[in-house]
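Asker: my questions are about this predicted structure, shown below with the sequence.
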Amino acid sequence: MTRSFHLVTVLAACVLSASCNALAPPQKPAEPTELAVLTFNIRYDNPADGDDAWPKRADWVTETIKDLNPDVFGLQEALLHQIDHIADGLPEYRWVGVGRDDGREGGEFSPLFYRPDKMELLTSETWWLSRTPADTGSVGWDAALPRIATAARLALRTSGMPEEVTVVNTHFDHRGDMARTQSAALLADSLRHRPRVILMGDFNFVDTSEAYAQVVGSGLADSFRESGASEPVETFTGFDAVSGPSGDRIDMIFFRGADIISYQALDVVRSGHFVSDHRPVTARLRFSH
């Protein structure tokens, strides 16, 4: 009787005391989990594009994204009705973002789509790429237009994932060299102390620019370079797939706090035309504790 009582007493104490951890079964280490990321400049709805105008590509763009099956993706040059079309065709996603002109529905968006079955939205915000990032519609430095970055803090639901990842989608100015450099510095500074980051977008810079140096100098890795990929280099292509790409690698995915598994800039072609004037760019990243 006494020995039995003593054993029960010891076991009860173990429940209350960390000193008895040795009696508990060993915990299985959290498995690293992968995220599939996509950045895609879909080209704004410009009727002057003729055979490549949005109404003739809308379903094709949506199908392309569905086939790639990303966990999170960012679009550039997207007008609200284009986003609505894609969202209607991809009901498994939710999205955040605002128009760059008025902070509501006006002008181009840089929306972020995510899978709510895999991640929970904690917060989202929009930064205008200017000296006053909270000033709606502000134009920065020598930029031709207002430019924005859409940022979201996402908590990832699976047990093997880190608690939180900050994802940012952006579109830098196409004319202002100073604007691109200062925009890169602004984002680098905003993200500097966040341990797990994905930064994607159409940056309108090349990897020899000061703006690129600002990004990678802040500790963000370029998925193209980290993967060892070599072809195709160009992400801005124009629509003509017969003549071949005519641009540079300006659509990029940067990251921190993960390992790169793969990178692709994809050829999506029908009847001699690309699905957009930019290639969709994907990266698969592995996050762990």
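Answerer: Nice, I can see it. Numbers count the residues shown, from 1 in each chain.
Asker: pLDDT score for T33?
Answerer: Among the per-residue scores, T33 shows a pLDDT of 80.
Asker: could you give the bridge partners of it?
Answerer: F287 (DSSP bridges).
Asker: surely it is in contact with T158?
Answerer: Yes: with contact defined as C-beta atoms under 8 Å, T33 and T158 form a contacting pair (5.3 Å). Every C-beta, even on glycine, is put in place using the N, C-alpha and C of the backbone.
Asker: more crowded one of those two?
Answerer: Each of T33 and T158 has its neighbours counted (other C-beta atoms under 10 Å); T33 has more, 18 against 11.
Asker: just so I have it, where are all the helices in the stretch 1-150 of the chain?
Answerer: Along the stretch 1-150 of the chain, counting by DSSP state H, counting those that start in this stretch, helices occupy 2-16, 54-68, 80-89.
Asker: where among the ones you listed is average confidence lowest?
Answerer: Taking the mean pLDDT of those, helix 2-16 comes last: a mean of 39.
Asker: neighbouring contacts of stretch 229-242?
Answerer: 41, 49, 52, 244-252, 263-265, 267, 269, 272-274, 276-279, 281 (C-beta atoms under 8 Å, 6 or more residues apart in numbering).
Asker: buried set for it?
Answerer: A229, E234, T235, F236, T237, G238, F239, A241 (16 or more other C-beta atoms under 10 Å).
Asker: show the model's pLDDT score for the residue lying closest to the fifth one once chain neighbours are set aside.
Answerer: Across the structure, with C-beta to C-beta, 6 or more residues apart in numbering as the measure, the residue nearest T237 apart from its sequence neighbours is P245 (4.1 Å). Model confidence at P245, expressed as pLDDT, equals 70.
Asker: cool, thanks, signing off.
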